[in-house]
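> When you get a sec, could you give me coordinates for this:
(2 chains)
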Amino acid sequence: MITCSPHLREANSIPRIMRLVCVALAPGIAVYTALIGPAVLVQICLSSVAALFFEAMMLKMRALPVRRFLGDHSALVTAWLIALTFPPLSPWWLTVTGVFFAIVIAKHLYGGLGQNPFNPAMIAFAVCIIAFPALMSQWPAQGLTLPFEQQLEIVFGFAPRIDALTAATPLDAIKTALKTNALHANNIQELLMSQNLYGTFAGRGWEWVTMTYLCGGAFLLAMGVITWHTPFAFITSMAVIAAFCWLIDPGRFSDPLFHLFSGGAMLGAFFIATDPASGCSTPRGRLIFGCGAGLLAYLIRVFGVFPDGIAFAVLIMNICAPLIDRHTQPTVFGRRARESDRR
Amino acid sequence: MLRTLFSFPGGIKPDPHKEASARTPIAPVPLPERLVLPLRQSAGIAPLPTVRVGERVKKGQVVAAAEQWISASLHAPTSGKVADIGNYPLAHPSGLPAPAIVIEADGLDEWQERQPLDWQNLAPQAVLRYLQQSGVVGLGGAVFPSHVKLDTEARIEELIINGAECEPYITCDDRLMRERAAEIVSGIALLRDLTGARQTLIAIENNKPEAIRAMRGAISEHRENFAVITLPTRYPAGSLRQLVYALTGKRAPSNVLPTAMNVQCFNVATVHSIWRATAHGEPVVRRVVTVSGNVRAPKNWEAPIGMSMTALLQLSEPFSDTDGLIVGGPMMGLSLPLTNAPITKGSNCLIARSPRIFPPRPPESPCIRCTACAQACPQGLQPFELYWWSRARNFDKAADYALAECIECGCCAYVCPAAIPLVHYFRFAKGELAAAAREQKMADSAKSRFEFRQFRAEREKAEKAEKLAKAAAAQAAKQALAAATKSATFEEQAQNAVASSQEERH
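Alright, predicted model coming up:
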C-alpha cells in the first residue's frame, strides 16, 4: 500500500474534540440542574435523541455512512447547546422544533459538518424566539421548586403552563425597567442587592452556572480545542461597553460583572462564538469576531426586544466571518505583510 | 555561548523514536554481491556513463561523469565488473525504472589510487570542480550538488551546519556527529575557508546531548570558533528556512535563495563526505543509513550506494509483520512496498512499516475548520484554506493563498483531527499548477509562433508585392526609356534631316 507522507498522526479526531466540548459543558449542566431541577437533564436527553434522529435521517438521505458520521458526536454538541439555551421548562415540541431547524436546515441543508455558515444552535434559538416569543421567555420563577413529576408534566404538556411558573430573567426585568423608565438612580443596585431575586451579582444563582461555563471554557483552552482569541475579545468588548454605559448612568445600566455572568454570556463566549465552522479562522479575525459578538450581544440584550442578545449577535457575526477572514489573513512566513493582504 | 534564537511559527512535537537506533555505533555492512547505481543521484542533470558493460572497475572509480555544472559524478562503490547498464526500478512511488549501472562485486573491495587534495593551494573553482567530480551532494535528503551551492558571488555571513535532524526515527547524523566529530569539524573549516563566512553556526536539537558534547569537544581541540547552537526540539527545526530564521532571524519567500540572505547551509553528513573527499581522496560511495521501525535490531549502517533496500533491512532483522518500507523520515519520506530498489545518496533512513506502528490513516472526515493545521504550519500558511481551494480544483485561488510556500513538511496532516491527507492535496494542486503553467507556456509559444508565421506571411506578401511592383516599375521604366530612346533617335534623325536639308540648301 502506498500512502502519502506524513505517515504519523497525532491521536486526535473530530469525535474526541466533540467529546471534550461535552465534558467542558458537564460542570455547567450539573450546577444548572442543581439550581433548576432535573428538567434540565430531561431537556438534554430530549434534544439529544431528537438531534441523533434528525442527523441519522439526513445522513441517510445524503447517502453518507450513517454510523461513522453519527459517531462524530457533533449533533450531540448542538443538541446540548440547544437544551442549555432554551428555557428548561419549554414544551417538548419547542425543543424538537429547535433541534429540527438546527440539524436539518442550518447544518445539513447547508452541506453538513463543517460547512454550516451559521451556528446551528443559535439558528434554533433565533427561529424559536421569533416564532414562539412567549414560550421562549418563560424562565422558572425564583425559588420555584417543583417535584420532578411536575416538571416532566409541564415539559410534556400534561400540566397547564400557569404563568406563576415562570418569570422574567434578571436581564429581562432590568430591560423592562429601562424601557418603562421605572428605575431611578441606584435602582438597579437596589434591585440586585435588596431582592433575593438576583443572587449576589448576576441573579438567581446564574453566576454559579456561568462561572462553571467559564471553567469549562478554560478547560477547552487548556486542551487546545479553542484558542483564546474569540472568548477574550468577546468578554473584553462586552465588559468595556457595559462599563462605559454603567459609568455614564449607573442607575439605568447594570455593571459589567452582571452582564458577563448573566444570561448566555459565558456560554456564548466559550462555546458558541468559538464554533470553528461558522466563526472566524484567523487569529486577528477571531479577535474581530469576538469583539463584534460581545458588543452586539450587549446592545441587543440591553436595547433590543429580546431577553438576551447572544444568538443574534453570533448570527450577525457569522454573516461577516468570511469577509473578516479574507481581510485578516496572517503573514506567510518569509513574506512581507503587504503581500499577504493582497488577495 | 548565549544566543537569542528566533522562533519560527507552528511546528509539532512528535514522539522522536530515536533512542532505539541511536544506542549502537555505526556498523559496517557486509559487501553485497551486486550494486545497482541509478545515474540520477542528485538534483539537476544525471551524469553520463563512462564505462562499458564487462569493464572492470575499482572502488572509487568514476562510472558516470558529470557533463553539466548542476550535476555530480558517480563512482563504483566497490571493485568489480560492470554487469549491465540499463533501466532498473528506483525507490519511487511510480515504480518506473530508470537508467542505472549495475556492478558485480569481485569481493576484493580494491580502491583506486587515492590522493588527498591540496585544497589550500588551489583556486576555489578548482576545489568546487573536484567536489563535483567526487560526487558530493546534499546527504540530508535533498541531494543538491554541493559545489553549486558553493559557487556564488554572494558574500556569506553565516555558514550554517545542519545537525538538527528533526524527523522522528532518523539518527544517522546524530551517530555521525558522536563518532566522527573531528572529521566533521575539519570539513566545516574547509567550508568556512571556501565561503569566507564571518560566522559558523552548528545547529543541533537539544535531544542529542552526546552529539553536542562531541562536536563542542572537537571544536575546542581544533581551536576553532564555531558555535554549537542547541535548538529546542520541534519539528521541522531542521528545515532550511526555519533553521536559518531560528539562528539568524533572516527569512525570505521560497523563491529567494539562502545566498541572497548571505547565508549558506550544509548538512553534517555532507560536510563529512566533503572532508573524506578532500582529505582522503574518497568520493561518495557509501553513506550512513538509519534502519529502524519494526525491526529487532535498529541500527545505523554504513552502506554502499547501490545496495538493495531489502537486503539492508534484513541486516536489522525485521519482524514478520513488516509490510513495507518508509524511505526517509516518517514525516516526509516515501512509503513503498518491500522493494529491491537501491540505496541512493539521498536515502538517510529506512523504516520497516507494520500496521501496528503505522496504522492506516482513518477515512477522511469533513474539515471542521478547527485551524489546528494553521497553528501547526511552520510557514504560517492556512492549510485548511489551501485544502478547500485544492479540493474545489480552484488552483489559482490556492496559489493566491501562497501554496508555493508550502514545504510539504506534513505538520498540518499530522495534527488534522479529520485525518485529511493535506500534503497529498497540496502536491496534487502544485502539480496541476505546474502543468497549467507548462501548458500556458506552450500556448504562449504556439501563439507567438503563429503570430510570427502570420507576420512572415504578411511580410513575404508585402515583399512579393514590392518586388512585383518594382519589377513592374522597372519594366515600365525600361519601356519608357526605350520609347524615349526611340523618340530621341527620331528627333535626332529629324534634326539631322533638317540640318542636312539646310546644308543642302546652302
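
> from here on, contacts and neighbour counts on C-alpha atoms
Fine.

> Helices of chain B, start to end?
B:19-22, B:124-133, B:146-150, B:172-179, B:181-195, B:209-221, B:240-248, B:268-280, B:309-315, B:372-376, B:383-391, B:395-400, B:411-415, B:422-505 (DSSP state H).

> The residue lying closest to B:Ile420 once chain neighbours are set aside - how many residues pack around it?
Excluding the flanking residues, the one nearest B:Ile420 by Cα to Cα, 6 or more residues apart in numbering or on different chains is B:Glu364, at 5.1 Å. For B:Glu364, the neighbour count with other Cα atoms under 10 Å in any protein chain shown is 12.

> so B:Glu364 touches B:Ala419, yeah?
Yes - the criterion here is Cα atoms under 8 Å, and B:Glu364 meets it with B:Ala419 at 5.2 Å.

> Tell me the residues of the stretch 201-343 of chain A that contact chain B?
Residues of the stretch 201-343 of chain A lying near chain B by Cα under 8 Å from any Cα of the partner chain: A:Val225, A:Pro276, A:Ala277, A:Ser281, A:Pro330, A:Thr331, A:Val332, A:Phe333, A:Gly334, A:Arg335, A:Ser340, A:Arg343.

> contacting residues for A:Tyr32?
A:Val40, A:Val209 (Cα atoms under 8 Å, 6 or more residues apart in numbering or on different chains).

> Is it located within a strand, as I assumed?
No - using DSSP: H, G, I helix; E, B strand; the rest coil, the assignment for A:Tyr32 is helix, not a strand.

> Tell me how far it lies from chain B.
Applying Cα to the nearest Cα, to the nearest Å, the value for A:Tyr32 to chain B is 28 Å.

> Check that residue and give its pLDDT.
The model reports A:Tyr32 with a pLDDT of 88.

> How are the strands of the stretch 51-200 of chain A distributed by residue range?
If DSSP state E, counting those that start in this stretch is used as the criterion, the strands of the stretch 51-200 of chain A fall at A:139-140, A:166-167.

> among these, which gets the worst mean confidence?
strand A:166-167 (a mean of 56).

> Could you measure from B:Lys18 over to chain A?
15 Å.

> so what's the residue lying closest to that residue once chain neighbours are set aside up against?
Excluding the flanking residues, the one nearest B:Lys18 by Cα to Cα, 6+ apart is B:Tyr169, at 4.7 Å. By Cα under 8 Å, 6+ apart, the contact list for B:Tyr169 reads B:Pro16, B:His17, B:Lys18, B:Ser21, B:Thr290, B:Ser292, B:Gly293, B:Gly329, B:Pro330, B:Ile351.

> quick one: which of these sit in strands?
Per DSSP state E, strands hold the following members of the contacts of B:Tyr169: B:Thr290, B:Ser292, B:Gly293, B:Ile351.

> Closest to A:Ser254 out of those?
Closest approach between the ones in strands among the contacts of B:Tyr169 and A:Ser254, by Cα to Cα: B:Gly293, at 63.5 Å.

> Now for the closest one: which residues touch it?
Listed by Cα under 8 Å, 6+ apart, the contact set of B:Gly293 reads B:Tyr169, B:Ile351, B:Ala352, B:Arg353, B:Ile357.

> beta partners of it?
Residues in a beta bridge with B:Gly293, per DSSP bridges, are B:Ala352.

> Ok, the one 10 residues further on next?
In this structure, B:Ala303 has beta-bridge partners B:Arg287, where bridges are defined by DSSP bridges.

> What is the neighbour count of it?
There are 26 residues near B:Ala303, going by other Cα under 10 Å.

> isn't it right up against B:Arg287?
Yes - judged on Cα under 8 Å, B:Ala303 makes contact with B:Arg287 at a distance of 5.6 Å.

> Throw the contacts of B:Tyr169 into JSON lines and include pLDDT, thanks.
Listed next are the contacts of B:Tyr169 as JSON lines, based on pLDDT from 0 to 100:
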{"residue": "B:Pro16", "pLDDT": "92"}
{"residue": "B:His17", "pLDDT": "94"}
{"residue": "B:Lys18", "pLDDT": "94"}
{"residue": "B:Ser21", "pLDDT": "93"}
{"residue": "B:Thr290", "pLDDT": "96"}
{"residue": "B:Ser292", "pLDDT": "96"}
{"residue": "B:Gly293", "pLDDT": "94"}
{"residue": "B:Gly329", "pLDDT": "92"}
{"residue": "B:Pro330", "pLDDT": "94"}
{"residue": "B:Ile351", "pLDDT": "95"}
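
> Can you turn the buried part of those into a ChimeraX selection?
Buried subset of the contacts of B:Tyr169, written as a ChimeraX selection, criterion 16 or more other Cα atoms under 10 Å in any protein chain shown:
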select /B:18,21,290,292,293,329,330,351
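
> Between which two of the contacts of B:Tyr169 is the distance greatest?
Largest pairwise distance in the contacts of B:Tyr169, by Cα to Cα, is 14.7 Å, between B:Ser21 and B:Pro330.

> How is chain B partitioned into domains?
As given by automatic domain parsing, the domain ranges for chain B are B:19-31+B:126-327, B:369-492.

> Point out where the chain drops to low pLDDT.
In the absence of a named chain, this looks at chain A. Applying pLDDT under 70 to chain A flags residues A:1-2, A:141-145, A:158-205, A:337-343.

> Chain B was what I was after
For chain B, the stretches with pLDDT under 70 are B:1-3, B:486-506.

> one more time with 80
Filtered on pLDDT under 80, chain B yields the residue ranges B:1-4, B:92-95, B:483-506.

> Show me which residues of stretch A:293-305 are buried.
Applying 16+ other Cα under 10 Å to stretch A:293-305 flags A:Ala293, A:Gly294, A:Leu295, A:Leu296, A:Ala297, A:Tyr298, A:Leu299, A:Ile300, A:Arg301, A:Val302 as buried.

> Among the residues you listed, which lie within helices?
Of the positions in the buried residues of stretch A:293-305, A:Ala293, A:Gly294, A:Leu295, A:Leu296, A:Ala297, A:Tyr298, A:Leu299, A:Ile300, A:Arg301, A:Val302 sit in helices, assigned by DSSP H.

> which residue is nearest the centroid of the chain?
No chain in the question, so chain A it is. Centroid-nearest residue in chain A: A:Gly268, 4.1 Å away (criterion: Cα atoms, centre = their mean).

> was after chain B, sorry
Nearest to chain B centroid, counting by Cα atoms, centre = their mean: B:Ala43, 3.5 Å.

> For it, which residues are in contact?
B:Ile70, B:Ser71, B:Ala142, B:Val143, B:Phe144, B:Pro145.
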